[in-house]
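A.B. asks: just to be clear, the model below is a prediction. Sequence and coordinates:
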Amino acid sequence: MKISLFWHRRDLRFEDNAGLAAALQAEEPVLPLFIYDKTILDKLEPEDARLTFIFDQVERLADEAHAADGGFVARHGKVLDVFRQLLKDYDVAAVYTNEDYEPYATERDAAVAELLQKHGAELRSFKDQVIFAKDEVLTKNGKPHKVFGAYSKTWQAQMKPEDFKPHPSARLLKKENLAQPIAADKTRPTLQKMGFKRHEQYTVPAKLPPPGVVKDYDKTRDTPALERGTTRMSVHLRFGTVSIRSLMQQADKLNEKLLNEMIWRDFFMMLLWHFPNTATEAYDPKMRHLPYRDAPKEYKAWCEGRTGQPFVDAGMRQLNQTGYIHNRARIVAAGYLVKHLFIDWTLGEHYFSEKLLDYDMSNNVGNWQWMAGTGAVAAPWFRVYNPETQQKQYDPDLAYIKEWVPEYGTDKYPKPLVDLKEGRDRAIEAIRKGRK
Ligand SMILES: Cc1cc2nc3c(=O)[nH]c(=O)nc-3n(C[C@H](O)[C@H](O)[C@H](O)COP(=O)(O)OP(=O)(O)OC[C@H]3O[C@@H](n4cnc5c(N)ncnc54)[C@H](O)[C@@H]3O)c2cc1C
C-alpha cells in the first residue's frame, strides 16, 4: 500500500501543524516519523538535556499516534541512510515536512528531495515555525531587510488574522488517515541504545503561558529575579512543542512588546536563510578581521561564571545549572565577553550552543552578532553594556545575583578579571583600528 511519511523535526506536536495537516488531507495514509540524526547526535555530550527533551516528546507523540490507532516510526542513523532503508521498507508516495531554515537543514533537505525523486517520491515542505519566512517580508526594492525596525513595521503591516489560523492536523489524526508501521518499527530507539544518558532540565509545560504573564510582559520582562517575568516559551518554540501561531495570536491580543520580541525571531531566521555564512562570520565584512584576544583562562572563567562580575557570573551559572539564562543576563554576559574581555563572539556563541536548552542557531547567532556589533542589525560597534550599571537598573536589590552567586560579597568570590573601564577602552580602540 502506498503511504506518505510525515517527517517531524522542529515541530514535535500534532496540533496546529502545517505539514502534517497537508499530509493528512492528501490521499495516502500517513505514518509520522522522527529521525535521531547521527550527524547531529555524534557532536553532543552523552548527557545532553536537549536530547532527553526530544526523546520524551517523541515518545509522547508515539503514544498519541497509537491512541488514534496509528503508528509512529523513530529511527536512529544518518538521514540519507535512514531514507534509503525506509524506501525499501515502505511504498512511499511522498514525504511531508515543515521547512527548516538553518544551513545544515537546507542542504540535508535538498539531498533528501533528490533521493526521493530518484525513487519516484517527492519531498513536500510547508511553512510552519514562523509567520513570515524567507523572502515574504522584503523592502520596497525587493531586498531582505537589514534593519529590524523597518522589518518589524513591514511585518506588522503585512500580517493578517489568517496568518494565525491553526491548521486542523489534530482533528484529522484518525485511523482512516493513518498508516501502520512494519513489525521492525514497533520498537523505537532508546536513549541508552543511542549511547546517551537521561538528563532532565526544568521546562514550563508545553502550553500557552498564563494570560497574566503575557499581559504584564512589558513591565516584568527585564527583571531576571522573577520566576516568570517572561513567557519561558523559547524551548517550546525551538522544538515546536507549542505552535508559533497560537503564541503570536495571544501576544497580538495582549501585549505589543511581546509581539515585537517574537518578530525578532522571524527576522533572525530570515537573515540566516538569506546569509548562511553569518552562522560563523560577521555579517558586516568590515568586522571580519578584528584582533580578538586569545585568552583561554579568561574565557574559561567566563564559561564557569567566575569572572568577578556578579551579574555576568549569575547569568553563566544559571545557564550551566539549568540550561536557561534570562535575556537580560544573556545581554550582560555576552556584552562582557565580546567587549570587556574582547574575546571572539563565535566562542561565546559556541558555548551557548552547547548549553542552552532553547539553542536556536538563528536567534543565537543573530543576538551574538548584535552584541558584538558585527551583525546586520543597527547595533553600533562602540555600544558597551556596563554590567554594574545593568545590575543597578535590573537587579537593584541583588536578588538574582544572590540566587546564583551565593558567595558574592565574601572573600571566596573571585576578584574581577578586568577593570571595566580599561576593558571597555581596550575593545573600542582595537575595533576602531581593526575595522577595515
Ligand atoms: C547573546 C544572546 C543569545 C541568545 N540565544 C538565543 C537562542 O539560542 N535561542 C533563543 O530562542 N533565544 C535566544 N536569545 C533571545 C532571548 O534571550 C531568548 O529568546 C529569551 O530569553 C527566551 O526566554 P523566553 O522564552 O521567556 O522569552 P520571552 O521574552 O518571553 O520572548 C518570547 C519569545 O520571543 C522570542 N524572542 C524574545 N527575545 C528575542 C530576541 N532577542 N531574539 C530572538 N527572539 C527573541 C523567543 O522565541 C522567545 O521565546 C538570545 C539572546 C542573546 C542576547
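C.D. replies: The structure has been received and is ready for your questions.
A.B. asks: okay, now the residue lying closest to residue 435 once chain neighbours are set aside: neighbour count?
C.D. replies: With CB to CB, 6 or more residues apart in numbering as the criterion, residue 435 has its nearest non-adjacent residue at 4.9 Å, and that residue is residue 286. In short, each C-beta sits where N, CA and C put it, glycine included. Counted with other CB atoms under 10 Å, the neighbours of residue 286 add up to 13.
A.B. asks: how near is residue 286 to residue 374?
C.D. replies: Remark: distance between residue 286 and residue 374 (CB to CB, to the nearest Å) = 9 Å.
A.B. asks: residue 402 too?
C.D. replies: As it turns out, when the distance is counted by CB to CB, residue 402 lies 34 Å from residue 374.
A.B. asks: neighbour count: the two, which is higher?
C.D. replies: Neighbour count, other CB under 10 Å: between residue 402 and residue 374, residue 374 has more, with 25 against 16.
A.B. asks: got a list of what residue 251 touches?
C.D. replies: By CB atoms under 8 Å, 6 or more residues apart in numbering, the contact list for residue 251 reads 214, 217, 258, 259, 262.
A.B. asks: and of these, the nearest to the ligand?
C.D. replies: Proximity of those to the ligand (CB to the nearest ligand atom) peaks at residue 262, which lies at 4.2 Å.
A.B. asks: just the element for the closest one, please.
C.D. replies: Counting by DSSP states H and E, the element that carries residue 262 is helix 256-274.
A.B. asks: quickly check: that helix near the ligand or not.
C.D. replies: Yes. When contact is scored as CB under 6 Å from any ligand atom, part of helix 256-274 falls within range of the ligand: 261, 262, 264, 265, 268.
A.B. asks: can you pick the most crowded of those residues?
C.D. replies: With neighbours set by other CB under 10 Å, the maximum within the residues of helix 256-274 next to the ligand is found at residue 268, which has 27 neighbours.
A.B. asks: right, and that residue touches residue 366 too?
C.D. replies: Yes. With contact defined as CB atoms under 8 Å, residue 268 and residue 366 form a contacting pair (3.4 Å).
A.B. asks: sorry, back to before: the residue nearest to residue 435 belongs to a helix?
C.D. replies: Yes. Residue 286: assigned to a helix according to DSSP: H, G, I helix; E, B strand; the rest coil.
A.B. asks: how much space between it and residue 373?
C.D. replies: Computed as CB to CB, the residue 286 to residue 373 distance reads 10 Å.
A.B. asks: walk me through the domains of the protein.
C.D. replies: Structural domains assigned to the chain are 1-128, 130-164+209-274, 285-434, following automatic domain parsing.
A.B. asks: sorry, back to before: want to throw the contacts of residue 251 into CSV with pLDDT and distance to residue 182?
C.D. replies: Compiled in CSV, the contacts of residue 251 are given as follows (pLDDT from 0 to 100; distance: CB to CB, whole Å):
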residue, pLDDT, distance to residue 182
214, 98, 45
217, 98, 48
258, 98, 45
259, 98, 46
262, 98, 41
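A.B. asks: what is the nearest of these to residue 58?
C.D. replies: Nearest to residue 58 out of the contacts of residue 251 is residue 262 (CB to CB; 25.9 Å).
A.B. asks: will you turn the residues of helix 256-274 next to the ligand into a markdown table that also has distance to residue 121?
C.D. replies: Converted to a markdown table, the residues of helix 256-274 next to the ligand look like this (distance: CB to CB, whole Å):
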| residue | distance to residue 121 |
| --- | --- |
| 261 | 40 |
| 262 | 35 |
| 264 | 37 |
| 265 | 32 |
| 268 | 33 |
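A.B. asks: and of those residues, the nearest to residue 127?
C.D. replies: Each of the residues of helix 256-274 next to the ligand was scored against residue 127 by CB to CB, and residue 265 proved nearest at 13.9 Å.
A.B. asks: contact partners for the most centrally placed residue in the chain?
C.D. replies: The central residue of the chain, meaning the one whose C-alpha is nearest the mean C-alpha position (CA atoms, centre = their mean), is residue 360 at 2.3 Å. Residue 360 makes contact with 234, 237, 238, 265, according to CB under 8 Å, 6+ apart.
A.B. asks: got a ChimeraX select line for the buried ones in those?
C.D. replies: What follows is the ChimeraX syntax selecting those of the contacts of residue 360 that are buried according to 16 or more other CB atoms under 10 Å:
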select :234,237,238,265
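A.B. asks: determine which two of the contacts of residue 360 are furthest apart.
C.D. replies: Using CB to CB, the pair of the contacts of residue 360 lying farthest apart is 238 and 265, separated by 9.9 Å.
A.B. asks: quick one, phi psi at the residue in the stretch 51-200 of the chain positioned nearest to the ligand?
C.D. replies: Of all residues in the stretch 51-200 of the chain, residue 148 sits closest to the ligand, with a separation of 9.5 Å (CB to the nearest ligand atom). Dihedral angles of residue 148 (phi, psi; degrees, to the nearest 10) stand at phi -60, psi -40.
A.B. asks: so it makes contact with residue 267?
C.D. replies: Yes. Taking CB under 8 Å as the contact criterion, residue 148 and residue 267 are neighbours in contact, 5.6 Å apart.
A.B. asks: from residue 416, how far out is residue 4?
C.D. replies: Here the distance between residue 4 and residue 416 works out to 59 Å (CB to CB).
A.B. asks: of those two, who's got more company?
C.D. replies: Higher neighbour count among residue 4 and residue 416: residue 4, with 26 against 15, using other CB under 10 Å.
A.B. asks: can you pull out the low-pLDDT segments for the chain?
C.D. replies: Counting by pLDDT under 70, the low-confidence segments of the chain come to 377-378.
A.B. asks: near the ligand, which residues of it?
C.D. replies: Counting by CB under 6 Å from any ligand atom, the chain sits next to the ligand at 221, 230-234, 237-238, 261-262, 264-265, 268, 327, 330-331, 334, 352, 356, 358-360, 363-364, 367-368, 371.
A.B. asks: tell me which of these fall in helices.
C.D. replies: Here DSSP state H is the test, and the residues of the chain next to the ligand give 234, 237-238, 261-262, 264-265, 268, 327, 330-331, 334, 352, 363-364, 367-368, 371 as lying in helices.
A.B. asks: closest one of the contacts of residue 360 to residue 317?
C.D. replies: Each of the contacts of residue 360 was checked against residue 317 using CB to CB; the closest is residue 234, at 18.8 Å.
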